[in-house]
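S.K.: Sequence plus the predicted model coming up.
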Amino acid sequence: MFYLALILVILLTILIVGPSYWVKHTLAKYSQPDDRYPGTGGELARILLDWANLQTVTVELSEIGDHYDPIAKAVRLTPDKFHGKSLTAVTVAAHEVGHAIQDRDGYLPLKFRTRLVQIVAPAEKLGAAILMIAPIITIITRAPTAGALFLLGGLLTLGSAAVIHLLTLPMELHASFARALPMLQHGKYLFQDDIPHARRILRAAALTYVSASLMTLLNIGRWWAILRR
């Protein structure tokens, strides 16, 4: 029984950690050489946005990950993508522009995700507050209620974000393969030999949030195990 449980834990860990490792490995692999293309990811994003008649959408630097903000109408890229000239930089930039085009076209899954984020945001704030006060309650009351509050805070803060990302995977795949890849191919922005590799990057870009969500679920599981002790 012990060995069966151990095997199940190992398999579950591989299923959760594996996608995150693959995404990071893929993006890092094609980040070199960092001067493969004449233009940067930020420059290509601007070209593609203008081509899509999205002149009002800005291209900005971001320190919190590559993403498209449908509220601010901004494509945001981390410094390595914004300034980089690697295959990863230009391909990820095209993926985020794909989201901007989804927004322009009124793509329903993007609208759904945007609305869902707005609904869940208060729950995340509540969860963060619970996480902050739970240790204090534990010290004051020495009661198991604090542990339950801590778990609830974790579920509200991390679990809600995980659910959003898991539900919106089709939107990410659509941005990669129905928007970004056709733009890159039709505009001949990539070397022909790079297209198969760009497909891997676009798949990784689509799975970025999902892999992060799986890691989040693993963290929640760790919290639960700690509280059960």
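M.R.: Looks like it arrived, so ask away. Numbers count the residues shown, from 1 in each chain.
S.K.: how about low-confidence regions in this protein?
M.R.: 1-6, 8-9, 11-13, 15-16, 120-161, 211-229 (pLDDT under 70).
S.K.: could you pull out the strands for it?
M.R.: 58-61, 67-69, 74-77 (DSSP state E).
S.K.: and of the ones you listed, who's closest to Ala94?
M.R.: Closest of the strands of the chain to Ala94 is strand 74-77, at 10.1 Å (criterion: CB to CB). In short, each C-beta sits where N, CA and C put it, glycine included.
S.K.: Going by contacts, tell me the helices and strands next to that closest one.
M.R.: helix 41-51, strand 58-61, strand 67-69, helix 87-104 (3 or more CB pairs under 8 Å, 6 or more residues apart in numbering; DSSP states H and E).
S.K.: got a list of contacts for that strand?
M.R.: Strand 74-77 has contacts (CB atoms under 8 Å, 6 or more residues apart in numbering) with 41-42, 45, 49, 57-62, 64, 66-69, 89, 92-93, 96-97, 99-100.
S.K.: For Leu116, see how far away Asn53 is.
M.R.: 27 Å (CB to CB, to the nearest Å).
S.K.: what do you get for Asp50?
M.R.: Asp50 is 30 Å from Leu116, by CB to CB.
S.K.: Next up, the contacts around Ala89.
M.R.: The contact partners of Ala89, taken as CB under 8 Å, 6+ apart, are 31, 34, 37, 40-41, 77, 80-83.
S.K.: mind running it again at 7 Å?
M.R.: Ala89 sits next to 40-41, 80-81 when contact means CB atoms under 7 Å, 6 or more residues apart in numbering.
S.K.: likewise Glu43?
M.R.: Residues counted as contacts of Glu43 (CB under 7 Å, 6+ apart): none.
S.K.: For Thr58, see how far away it is.
M.R.: Separation of Glu43 from Thr58 (CB to CB): 14 Å.
S.K.: which of Asp50 and Leu116 has more neighbours?
M.R.: Per other CB atoms under 10 Å, whichever of Asp50 and Leu116 has more neighbours is Leu116, with 15 against 11.
S.K.: Contacts for stretch 27-36 next, please.
M.R.: By CB under 7 Å, 6+ apart, the residues outside stretch 27-36 that reach it are 80, 84-88, 197, 201, 204.
S.K.: out of these, which one sits closest to Ile10?
M.R.: Proximity of the contacts of stretch 27-36 to Ile10 (CB to CB) peaks at Ala204, which lies at 24.1 Å.
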